[in-house]
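> how would this look folded up:
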Amino acid sequence: MKTAVARCPSGPYLDLGPYFPRGVFAFLTLRGDHDVSPEGLSRFLKDRGHPGIRVHRADQVHSDRVVRADEAPCAADALVGDRPGEAVRVVTADCVPILLCTSDGTRVAAVHSGWKGTLSRIVERAAQALSPDPSDLTAYVGPAVGPCCYGVDEARHRAFREAFPGWVGEGRGALSLDLAGLNARMLTSLGLRAENLHVESRCTACEALLCCSYRRDGERAGRMAAVIGRSG
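Just a heads-up that it's a prediction; the model follows:
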């Protein structure tokens, strides 16, 4: 597993393309880039050398539902795309954004995994929908609220201990969860190779200059968009 380091050399976004196969583009918009609509992201992509891209979105409802891009918009939390000139996106502000791609670059997926999605293993469902062989995949697990800031009550912590035995410790004192770490571990448990897994180590609640965080800012929080697609 490789730790991705967030940098912002060209504006409020990360260019994730180097993590993925040739012909695949991927970006994470950061705090300061406020238009995360499909239309706004199409303009964003055009400005970065990817004109004419249709961006698909889901109506995120904290589910475990994975759908094809041509079924969207609909209630779902993961989208799978396989057409050139199209992209899929999710938006987050503490939940875990995950981008996936097959090794040949022909299929991509964007996943939104909050505590409910993590508990229901949506990233596993998305990976399996993308490829019958998860070792064929490359994944980027983006910034999310970290265990430093994500305290939970005993009932929720117990639910995670029961769902992920041995992965979530009993804990002492204040209880917390590492949602990004759990999603990364699910991917490696499926067979995704460590060298193809890139995990952001930054906590959205801590990184006030870079990241949107609902836990930190409440209703004033913006949203970050994680988008991935195939060049036309």
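> Against Leu192, how distant is Leu100?
9 Å (C-beta to C-beta, to the nearest Å). All C-beta atoms are positioned from the backbone trio N, CA, C, and that covers glycine.
> actually Tyr13, not the one I wrote
In terms of C-beta to C-beta, Tyr13 sits 25 Å off from Leu192.
> repeat for Ala208
From Ala208 to Leu192 the distance is 31 Å (C-beta to C-beta).
> Looking at those two, which has the bigger crowd around it?
Taking other C-beta atoms under 10 Å, Ala208 and Leu192 do not tie; Leu192 has more neighbours (23 against 12).
> For the residue most central in space within the chain, identify the helix or strand it belongs to.
For the chain, the residue nearest the mean C-alpha position is Pro97 (1.6 Å; C-alpha atoms, centre = their mean). Using DSSP states H and E, the element containing Pro97 is strand 96-102.
> what's in contact with the helix or strand that that strand is followed by?
Using DSSP H and E, the helix or strand that follows strand 96-102 in sequence is strand 108-113. Here strand 108-113 makes contact (C-beta atoms under 8 Å, 6 or more residues apart in numbering) with 24, 26, 58, 60, 62, 66, 77-82, 87-92, 95-102, 117, 122-123, 126-127, 129-130, 179, 183, 226-230.
> 6 Å - rerun?
The contact list for strand 108-113 (C-beta atoms under 6 Å, 6 or more residues apart in numbering) reads 60, 77-81, 88-90, 95-96, 98-101, 122-123, 126, 130, 183, 226, 228.
> Note down every partner strand of that strand and its orientation.
Counting by DSSP bridges, the strands paired with strand 108-113 are strand 78-81 (antiparallel), strand 96-102 (antiparallel).
> can the ones you listed go into JSON lines with extra columns for distance to Arg48?
Shown next, in JSON lines, are those (distance: least, C-beta to C-beta, whole Å):
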{"stretch": "strand 78-81", "distance to Arg48": "18"}
{"stretch": "strand 96-102", "distance to Arg48": "16"}
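> Would you reformat the ones you listed as JSON lines and include distance to Glu162 and mean pLDDT?
Output for the strands paired with strand 108-113, formatted as JSON lines (distance: least, C-beta to C-beta, whole Å; pLDDT from 0 to 100):
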{"stretch": "strand 78-81", "distance to Glu162": "24", "mean pLDDT": "98"}
{"stretch": "strand 96-102", "distance to Glu162": "20", "mean pLDDT": "98"}
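> list the buried ones in stretch 59-76?
Burial within stretch 59-76, assessed by neighbour count using 16 or more other C-beta atoms under 10 Å, is assigned to 60, 62-69, 72, 76.
> Just give me the longest helix of this protein.
The single longest helix within the chain, with elements called by DSSP state H, is helix 179-190.
> can you give me the helices in this protein?
According to DSSP H, the chain carries its helices in the segments 38-47, 115-119, 122-130, 154-163, 179-190, 214-217.
> what's around Val152, how many residues?
Neighbour tally, Val152, other C-beta under 10 Å: 17.
> thought it was touching Ala174?
No. Val152 is beyond contact range of Ala174, at 9.3 Å (criterion: C-beta atoms under 6 Å).
> Now do the shared contacts for Leu100 and Leu192.
137, 139.
> picking up where we left off before, quick check: angle from the longest helix of the chain to strand 96-102?
Orientation check (axes from the mean of the first three to the mean of the last three C-alpha atoms, to 10 degrees): helix 179-190 against strand 96-102 gives 30 degrees.
> Can you point out the buried residues in helix 179-190?
Of the residues in helix 179-190, those buried by neighbour count under the rule 16+ other C-beta under 10 Å are 179-187, 190.
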